[in-house]
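Chemist: here is a sequence with its predicted model. Questions after.
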Amino acid sequence: MVARSLTGKAIAQGYREGFCGFIEANFPGQYYGYSTRFDTNWFYVARKPQETTGMAFDWGIRSLGALHIGRSQGDDQLGLVSREMYGQALSQLIRALRHRTLAATDDTLGAAILLGAFEMTCSTGHNSWMLHSRGISYLFQARGARAHVQGFGRTLLVSFRGFLVYDAMIRRERCFLEDEEWGSIIPNMIDEDRRRGKASRLGELIEYAFHEVARCPGFLAITHAQVESANVADTERESLITSISDCQRALLEYHSEGIAAMNSLQQPYSAEDRDFFGPIPSKVHITLAEFSLQGMGSAIALLQQLLVTLSSDSLRRETLRICPGTQHHQTQIEGDISPFMMKSFKSWSFSGNPSLPREHEASHTWFDRVSMMMGMLMDA
């Protein structure tokens with residue numbers, strides 16, 4: 001019995017190490033870009049004694065570990081085992097969510113994120129990861145922003161927030177992460193990093209830029225609603241244009257600072273360069289910076305296109321007001337909208353499946369890019 005117990009623990013630990021392999025294979029830039037700055041990272045939690053984590057969380061870790069090992073070794077049987085473990089994790093998660101105390105813990109939120117990651121990697125149904133994403137967003141909101149300033153709570157937020165923005169873009173809905181509650185914790189996060197000697201100017205730029213990026217899904221949704229509406233008050237349109245312009249201006253400022261820092265890098269690094277990256281490891285700091293700047297750039301481009309769309313729609317309405325008989329159809333507005341925006345307006349819906357990586361694109365590239373680009377990956 002003792003030997004069987006030891007064997008079982010060894011196998012479980014093997015799956016946990018497999019999970020660490022899953023992280024390295026799918027989120028190398030995102031993971032190492034933050035692991036050295038946060039006091040609790042995924043490797044640390046995965047390697048903790050099993051008894052210290054919740055059952056849903058433990059099964060979630062094992063399911064991804066088994067899935068990764070099975071795929072790495074070409075073992076289809078292990079892939080089936082991973083699905084059974086996923087089922088166990090899902091059952092335990094449902095049980096935890098029914099428990100008032102357990103529902104708000106890091107382990108429960110972590111388990112939900114792990115199952116969401118499993119669905120992204122090995123989908124069990126059409127857009128199934130988005131069902132988990134919706135539940136995960138509810139858990140974040142129920143816990144409140146303050147629960148994610150430090151510790152594993154912060155790791156959980158950074159791990160999944162890009163997918164929350166990406167999900168909101170697909171659904172054409174506002175993202176709750178744009179709320180002031182979530183922006184208000186950024187100074188606390190930065191103070192915590194500085195207190196622990198883990199400050200990074202790049203990390204600070206990403207935090208502030210992300211809060212602006214999180215506003216993009218809402219702007220897209222409102223713009224679409226106004227363009228489609230028969231009656232839009234001038235004050236509503238002007239207010240939207242002002243908000244979009246303010247957001248774009250802030251992002252341009254963060255983007256410009258990041259570009260300037262990257263363009264001035266020296267070999268060997270100067271003191272300013274080291275302060276810019278801080279404790280972010282050299283093997284990923286350029287990657288994290290470049291993809292984060294790309295995410296900001298994508299957001300800036302989207303906001304500019306929204307401004308063009310609103311301007312074109314305003315002109316169309318004014319033309320119709322002055323000349324009611326003028327044939328000025330919606331198709332003429334579309335002529336002023338780039339294919340990027342038309343994809344946003346028409347294709348990002350449940351009729352297709354734009355939410356998963358293309359077959360010819362490595363999924364690990366997709367995972368890491370969505371994360372580092374703050375959900376603004378537009379060519380998936």
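Modeler: Looks like it came in fine. Numbers count the residues shown, from 1 in each chain.

Chemist: I'd like the average pLDDT over the top helix by length along the chain.
Modeler: Longest helix of the chain, by residue count under DSSP state H: helix 282-322. Summarised as a single mean, pLDDT over helix 282-322 is 91.

Chemist: again, but for stretch 219-229
Modeler: Stretch 219-229 comes out at a mean pLDDT of 93.

Chemist: what are the ranges of the helices in the stretch 151-300 of the chain?
Modeler: 151-171, 180-183, 186-195, 201-213, 216-228, 234-263, 271-277, 282-322 (DSSP state H, counting those that start in this stretch).

Chemist: can I get those in a markdown table with mean neighbour count and distance to Asn26?
Modeler: Yep, even glycine has a C-beta here, placed from its N, CA and C like the rest. As requested, the helices of the stretch 151-300 of the chain are exported to a markdown table (neighbours: other Cβ atoms under 10 Å; distance: least, Cβ to Cβ, whole Å):
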| stretch | mean neighbour count | distance to Asn26 |
| --- | --- | --- |
| helix 151-171 | 23 | 11 |
| helix 180-183 | 15 | 25 |
| helix 186-195 | 15 | 25 |
| helix 201-213 | 22 | 20 |
| helix 216-228 | 20 | 24 |
| helix 234-263 | 15 | 25 |
| helix 271-277 | 15 | 23 |
| helix 282-322 | 19 | 14 |
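
Chemist: out of those, flag the one nearest Ala117.
Modeler: Within those, the stretch nearest Ala117 is helix 151-171; the backing value is 8.5 Å (Cβ to Cβ).

Chemist: by contact count, what packs against that closest one?
Modeler: helix 28-35, helix 42-46, helix 106-121, helix 128-143, helix 216-228, helix 363-372 (3 or more Cβ pairs under 8 Å, 6 or more residues apart in numbering; DSSP states H and E).

Chemist: out of the ones you listed, which is the most enclosed?
Modeler: helix 106-121 (a mean of 24; mean count of other Cβ atoms under 10 Å).

Chemist: what packs against that helix?
Modeler: Counting by 3+ Cβ pairs under 8 Å, 6+ apart, helix 106-121 packs on helix 2-26, helix 55-73, helix 76-97, helix 128-143, helix 151-171, helix 363-372.

Chemist: just send the helices of the stretch 151-300 of the chain back as TSV, with distance to Ile113 too.
Modeler: Shown next, in TSV, are those (distance: least, Cβ to Cβ, whole Å):
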stretch	distance to Ile113
helix 151-171	5
helix 180-183	17
helix 186-195	19
helix 201-213	17
helix 216-228	20
helix 234-263	26
helix 271-277	27
helix 282-322	20
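
Chemist: to Leu109, which of the ones you listed lies closest?
Modeler: Judging the helices of the stretch 151-300 of the chain by Cβ to Cβ, what sits closest to Leu109 is helix 151-171, at 5.5 Å.

Chemist: so who does Val232 touch?
Modeler: Val232 makes contact with Gln226, Arg317 under the criterion Cβ atoms under 8 Å, 6 or more residues apart in numbering.

Chemist: one more time with 7 Å, if that's ok
Modeler: Gln226 (Cβ atoms under 7 Å, 6 or more residues apart in numbering).

Chemist: phi, psi for it please.
Modeler: phi -130, psi 120 (degrees, to the nearest 10).

Chemist: how near is it to Gln226?
Modeler: 5 Å (Cβ to Cβ, to the nearest Å).

Chemist: just Arg321 next, same as before
Modeler: Applying Cβ to Cβ to Arg321 and Gln226 gives a distance of 16 Å.

Chemist: now do the longest helix of the chain: which elements does it pack against?
Modeler: helix 28-35, helix 201-213, helix 216-228, helix 234-263, helix 330-334, helix 339-342, helix 363-372 (3 or more Cβ pairs under 7 Å, 6 or more residues apart in numbering; DSSP states H and E).

Chemist: run the chain-centre distance for it.
Modeler: 18 Å (Cα atoms, centre = their mean, to the nearest Å).

Chemist: between helix 363-372 and it, find me the angle.
Modeler: 70 degrees (axes from the mean of the first three to the mean of the last three Cα atoms, to 10 degrees).

Chemist: that older thread, could I get the helices and strands packed on helix 106-121 as a markdown table with mean pLDDT and distance to Val45?
Modeler: Below are the helices and strands packed on helix 106-121 laid out as a markdown table (pLDDT from 0 to 100; distance: least, Cβ to Cβ, whole Å):
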| stretch | mean pLDDT | distance to Val45 |
| --- | --- | --- |
| helix 2-26 | 77 | 10 |
| helix 55-73 | 96 | 8 |
| helix 76-97 | 95 | 15 |
| helix 128-143 | 94 | 17 |
| helix 151-171 | 96 | 6 |
| helix 363-372 | 84 | 18 |
